[in-house]
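Asks: Here is the input, now give the coordinates:
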Amino acid sequence: MRSQLLIRPGPNDHRVIEDLLAPGGSGIFRGVRPVVDQLVVDATAVVYRPGLAAVAARAGIPFLVDPMTPFCQVALADDDRWAALPYGSAPAMSIGDLATASARDDLVTRVLSFEVDHGASVVIPPYFYSRSPGDPWFDVSLDLLERTARHMARSDVRLPLLPILCAQLHQFGSPDTWAAGIDRFVRIAGAAAAARVGLFLSPMGEADDTYGNVERLFASALRVRGTGISVIAWGQGVYGPALVAAGLDGYETGIGMRERTDVAAALNRRRPRVVEPPRSRRTPQTIFLQPLGRSLLLSVAEHLLDDLSMRAKLVCDDEFCCADGVQSMRRSRRQHTVRARARYLAELDEMPMHDWRLYRITRDARETVTLTLQANQVLAAAGHPQPLAHQAAEALAQVADRLLEERLSLGA
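Replies: Okay, the predicted model is just below:
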């Protein structure tokens, strides 16, 4: 089975998704398979920008509605779009609000009905952000998972179930807590007949991630995959391809935005401010540079792509994706981002042995370090004040190299 690329479009990406999923829109696969394997949409998006369920259905791919229930855990502004959802509210929800079985069943019913009514072909149970295996929110999330499975059976909802483990990496990623945390989650997900799970460990994806955090992410992901259940790396656009090369079944990411994950920061940003600071409603413009493994702000990428030496190293050279090179990358940034990610995933899939895939990740990560150092010279010459970090690429190369050595030693 090929690795899965799950794409979460932004608020203004409806046309982009229609273009990518139109016949022949994939480009890199020349119509043989869609460029997106599954489409994930925020719960608020299906209300205010409907139509993507029909686009996914025409393309023949699964459609998922993320209920975004961690927003229950913080107070929101009265006019927040999430608060207006059938199961949303502006006041923060407490553990006490879900103390009774009826309250939990009511939340499950509202979330499940919302997803199904908006065309979801895969059900995501309500889930919350847990800071440790001892966090009461973790117990509630597991109970809601079990209740969702029972409700689906009673209501004859014959759809796949995709439980999400939304948790703090530092606590859940420690081997000392695996038994009480991720092992328990996998056991309950399996009992609920879930064929796969989403692993949403946070925070990760910054360019200065340490070796310890990267190693913890991979060790935890492989611990889950080692149980035999399929695993999707949720919100892991930066490390998604490498996690797939290590043995996971796919990854979920935004398009240019939300390629990194920091749940606690996202919840904090959603809180109303006493004095609301001025903010732009425009989505930051980004462009995905595959050799660097991440999207950069367009203002930064422009400096690099305008330098002829760096352009030759960073330009998309796939004529089916960017026929006009840099001009196509700039003109169709969002489409390029998805196609480039899908192409890289397809190249990994074509390698018959995991050893080769990990070697590719190691090699590319080391090249990313070299390119980043060269890019910083170009940015400094252009007067850009902030150099690009490369610690995460170094850490990824070391982790992938260690995994490769372990596999080779086992094979010997």
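
Asks: which stretches of this protein form strands?
Replies: Applying DSSP state E to the chain gives strands spanning 4-8, 38-42, 63-66, 164-168, 196-202, 230-233, 250-254, 286-289, 294-297.

Asks: strands paired with the longest one, and their directions?
Replies: What it means is strand 196-202. Partners of strand 196-202 in the sheet, by DSSP bridges, are strand 164-168 (parallel), strand 230-233 (parallel).

Asks: That one relative to strand 38-42, how many degrees between them?
Replies: Orientation check (axes from the mean of the first three to the mean of the last three Cα atoms, to 10 degrees): strand 196-202 against strand 38-42 gives 50 degrees.

Asks: please renumber so the chain begins at 38
Replies: That works, and once the first residue is 38, the last one we named lands at strand 233-239.

Asks: residues in contact with strand 233-239?
Replies: With contact meaning Cβ atoms under 8 Å, 6 or more residues apart in numbering, strand 233-239 is reached by 161, 166, 197, 199-206, 209-210, 222-223, 226, 254, 257-258, 261, 266-272, 285-286, 289, 298-301. For glycine as for every other residue, the C-beta is placed from the backbone atoms N, C-alpha and C.

Asks: so which of the strands paired with strand 233-239 gets nearest Asp355?
Replies: For those, distance to Asp355 was read as Cβ to Cβ. The smallest value, 24.0 Å, belongs to strand 267-270.

Asks: how about low-confidence regions in the stretch 38-187 of the chain?
Replies: Scanning the stretch 38-187 of the chain for pLDDT under 70 picks out 61-70.

Asks: mind listing the helices for it?
Replies: Here the stretch 38-187 of the chain has its helices, by DSSP state H, counting those that start in this stretch, at 51-58, 80-85, 89-96, 138-154, 173-192.

Asks: a markdown table for these, including mean neighbour count?
Replies: Compiled in a markdown table, the helices of the stretch 38-187 of the chain are given as follows (neighbours: other Cβ atoms under 10 Å):
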| stretch | mean neighbour count |
| --- | --- |
| helix 51-58 | 19 |
| helix 80-85 | 19 |
| helix 89-96 | 18 |
| helix 138-154 | 17 |
| helix 173-192 | 19 |
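
Asks: Out of the ones you listed, which is closest to Met347?
Replies: With Cβ to Cβ, the closest approach to Met347 among the helices of the stretch 38-187 of the chain belongs to helix 51-58: 26.3 Å.

Asks: re earlier: the helices of the stretch 38-187 of the chain: which one's closest to Gln414?
Replies: Closest of the helices of the stretch 38-187 of the chain to Gln414 is helix 51-58, at 33.3 Å (criterion: Cβ to Cβ).

Asks: Between strand 75-79 and that closest one, find me the angle.
Replies: Angle, helix 51-58 to strand 75-79, by the same axes, to 10 degrees: 170 degrees.

Asks: just to revisit the earlier point, okay, the strands paired with strand 233-239 in a markdown table with distance to Ser336, mean pLDDT and mean neighbour count next?
Replies: Formatted as a markdown table, those follow (distance: least, Cβ to Cβ, whole Å; pLDDT from 0 to 100; neighbours: other Cβ atoms under 10 Å):
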| stretch | distance to Ser336 | mean pLDDT | mean neighbour count |
| --- | --- | --- | --- |
| strand 201-205 | 32 | 98 | 25 |
| strand 267-270 | 29 | 98 | 24 |
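
Asks: Any chance of TSV for the ones you listed, columns distance to Gln110?
Replies: Shown next, in TSV, are those (distance: least, Cβ to Cβ, whole Å):
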stretch	distance to Gln110
strand 201-205	10
strand 267-270	23
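
Asks: right, so of the ones you listed, which gets closest to Val352?
Replies: Closest to Val352 of the strands paired with strand 233-239 is strand 267-270 (Cβ to Cβ; 27.5 Å).

Asks: Now do the closest one: everything it contacts.
Replies: The contact list for strand 267-270 (Cβ under 8 Å, 6+ apart) reads 41, 43, 199, 232-236, 258, 261-262, 276-277, 280-281, 285-289.

Asks: ok, of these, which come out buried?
Replies: Neighbour counting by 16 or more other Cβ atoms under 10 Å classes 41, 43, 199, 233-236, 258, 261-262, 276-277, 280-281, 285-289 among those as buried.

Asks: Mind pulling the model confidence for the residue most central in space within the chain?
Replies: Nearest to the geometric centre of the chain sits Gly272, at 2.0 Å (Cα atoms, centre = their mean). If you check Gly272, the pLDDT there is 96.

Asks: now do Pro314
Replies: At Pro314, pLDDT is 55.

Asks: what does the one 10 residues further on give?
Replies: Among the per-residue scores, Ile324 holds a pLDDT of 95.

Asks: for this protein, which helix is longest?
Replies: For the chain, the helix with the greatest residue count under DSSP state H is helix 391-418.

Asks: from the chain's centre, how far out does that helix sit?
Replies: Taking Cα atoms, centre = their mean, to the nearest Å, one finds helix 391-418 lying 22 Å from the centre of the chain it belongs to.

Asks: what do you get for stretch 370-384?
Replies: Distance of stretch 370-384 from the chain centroid (Cα atoms, centre = their mean) equals 14 Å.

Asks: buried sites along it?
Replies: Within stretch 370-384, the residues that count as buried by 16+ other Cβ under 10 Å are 370-383.

Asks: Now render the residues you listed as a markdown table, adding pLDDT and distance to Leu335.
Replies: Listed next are these as a markdown table, based on pLDDT from 0 to 100; distance: Cβ to Cβ, whole Å:
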| residue | pLDDT | distance to Leu335 |
| --- | --- | --- |
| Arg370 | 94 | 7 |
| Arg371 | 94 | 12 |
| Gln372 | 95 | 15 |
| His373 | 95 | 12 |
| Thr374 | 95 | 12 |
| Val375 | 96 | 17 |
| Arg376 | 95 | 18 |
| Ala377 | 95 | 15 |
| Arg378 | 96 | 18 |
| Ala379 | 95 | 21 |
| Arg380 | 94 | 21 |
| Tyr381 | 96 | 21 |
| Leu382 | 95 | 24 |
| Ala383 | 93 | 26 |
